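1. one predicted model, sequence on top.
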Amino acid sequence: MRRLALIGLFLLLAVLPMRAQVDSAGVARTLTLVDEYVAALEAEPMETKLSECDFLIETCIDSLLRQAVATKLYAYYSDSQLMGEEAVAIHLYDRWFADGTVVFPTDAEGFQAHIFADFNRSSLVGLRAPVLEMQGPSGESVTVPASPDRRSILYFYDTDCSKCKLEAILLRSWLDEQEADLTFYAIYVGSDPDAWNAYVAERLQVSNPHVSVRHAWDPEVSSDFQRLYGILQTPRLFLVDREGIIIGRRLTVEALRQLVEMGTMDEELWNRNPVGARLPSIRVEGILRKPCGSRTRTMDLGKLRGRPAYLVFYSESCNRCKVEIPALEASLKRGSKAFLVNVDEILAERPELAKQLFDAFDLSLLPHILALDARGRVTERYVSFAGKE
């Protein structure tokens, strides 16, 4: 049984009397422990949160206690300010409430949960952004989002929304200073063209060549944008990556700024050593391994080549490295080789060389394995051998 499940079982057994019925005091004690439990889950991955919530609910044999725990968990995750946790609330609704396995204390709560799930399930973090067909200021067709070569910001606003007016000031100021290539979709949710045009002219003029601005609206709501993006109030900000995947929702301008900066850093790392490029000329000591044996030597990385050759950056404390490197070694055939570089040793003994390597390669996650051909050109990046036959 999983560690967290054991903790949950202990918590529930500690407060549940050994009988079918649970009194109100027992329910109250259990809900207090549920608060502590979900707080402890905060840093866990989404899959763990889903399974642990299901486990807690399943453990409750008494129907009233099960209702109390399930409702408590749903309320926590539907109101959570941590981006992405609304997915747990939708899972709980689908798994426990939708078919009546557990019922909300009141019909009104059940109806609100149904609306919440329906208006949020299509725009969760990690899902492909729903594509909207809308209109531009001159009646032209505008597809939102439709920029596969750049990240997209979707900003839903209303001209009568006071918070939108403040958000527009912050957004315009930030967008004017951006150096990242972005497409900004400013989406008016109302139906007054005069108010819209005046608002755009006064508040949403962005003068930055890096930022492409598209204005759109759908006065007939034929695109179903309200349900697909959960636009029950404004403003609403989303960030969509180049692949069309939602990576931020219900953002503040500050949270949007941080996500864009993180994405820019990831792109810079991704652009290092692209397929077809030669490696930089940096002399590094490592272990050269071939099918016939291995030896320690210093190599100019720019001269590494083979049929194929692999450059491997690893750490002795890295569990993935302990799996990947033996798998790589087992795959070596005649003419192939692997050059293994111990990042820990270089960091400890040669910090200047370590800086060179960190500036030249994406060493944010180890092992980092690149494949090279007989001419020393990169043929594949982020190579993995674990699980291959």
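-> Ah, there it is.
2. work out for me the element the one residue sitting closest to the centre of the chain sits within.
-> Central residue of the chain (C-alpha atoms, centre = their mean): Ile247, 5.2 Å from the mean position. Using DSSP states H and E, Ile247 maps to strand 246-249.
3. rewinding a little: the residue nearest to the centre of the chain against Leu124, yeah?
-> No - contact criterion C-beta atoms under 8 Å: Ile247 and Leu124 do not qualify, at 11.0 Å. The way it works is simple: take the backbone N, C-alpha and C, and place the C-beta from them, glycine included.
4. give me the pLDDT value at the residue nearest to the centre of the chain.
-> With respect to pLDDT, Ile247 scores 89.
5. can you check Met265 too?
-> Note for Met265: predicted pLDDT of 62.
6. I'd like the distance between His210 and Phe339.
-> 39 Å (C-beta to C-beta, to the nearest Å).
7. so which of those two has more stuff around it?
-> Taking other C-beta atoms under 10 Å, His210 and Phe339 do not tie; Phe339 has more neighbours (21 against 14).
8. look up how far Leu311 lies from the more buried one.
-> Taking C-beta to C-beta, one finds Phe339 at 5 Å from Leu311.
9. shared neighbours, the two?
-> Leu301, Leu304 (C-beta atoms under 8 Å, 6 or more residues apart in numbering).
10. next, Gln81: secondary structure please.
-> coil (DSSP: H, G, I helix; E, B strand; the rest coil).
11. that one and Phe55, how far apart?
-> For Gln81, the distance to Phe55 - C-beta to C-beta - is 24 Å.
12. ok so, going back, give me the contact list for the strand holding Ile247.
-> Taking C-beta under 8 Å, 6+ apart as the rule, strand 246-249 contacts 83-84, 123-129, 236-241, 255-256, 259, 263.
13. same question for stretch 212-231.
-> With contact meaning C-beta under 8 Å, 6+ apart, stretch 212-231 is reached by 118-120, 122-123, 130, 132-137, 142, 144, 147, 150, 154, 156, 182-191, 193, 196, 200, 204, 206, 232, 236, 238.
14. ditto for stretch 326-346
-> Outside stretch 326-346, the residues that touch it by C-beta under 8 Å, 6+ apart are 284-291, 299, 301, 304, 306-317, 325, 353-354, 357, 363, 366, 369, 385-388.
15. after the lowest-mean-pLDDT helix or strand in the chain, which helix or strand is next?
-> Least confident element among the helices and strands of the chain, by mean pLDDT, DSSP states H and E: helix 3-15 (a mean of 49). Of the helices and strands lying after helix 3-15 in sequence (DSSP H and E), the nearest is helix 24-40.
16. other SSEs contacting that following helix?
-> helix 3-15, helix 46-59, helix 63-78 (3 or more C-beta pairs under 8 Å, 6 or more residues apart in numbering; DSSP states H and E).
17. follow-up on the earlier one: Gln81 and Phe55: who's more crowded?
-> Phe55 (16 against 6).
18. distance of that one relative to Val69?
-> As judged by C-beta to C-beta, Phe55 and Val69 stand 11 Å apart.
19. residues near the residue nearest to Ala198 when sequence neighbours are not counted, how many?
-> For Ala198, ignoring the flanking residues on the chain, the nearest one in space by C-beta to C-beta, 6 or more residues apart in numbering is Thr159 at 7.7 Å. By other C-beta under 10 Å, 21 other residues sit near Thr159.
20. cool, Pro45 as well?
-> Quick note: Pro45 (other C-beta under 10 Å) scores 8 neighbours.
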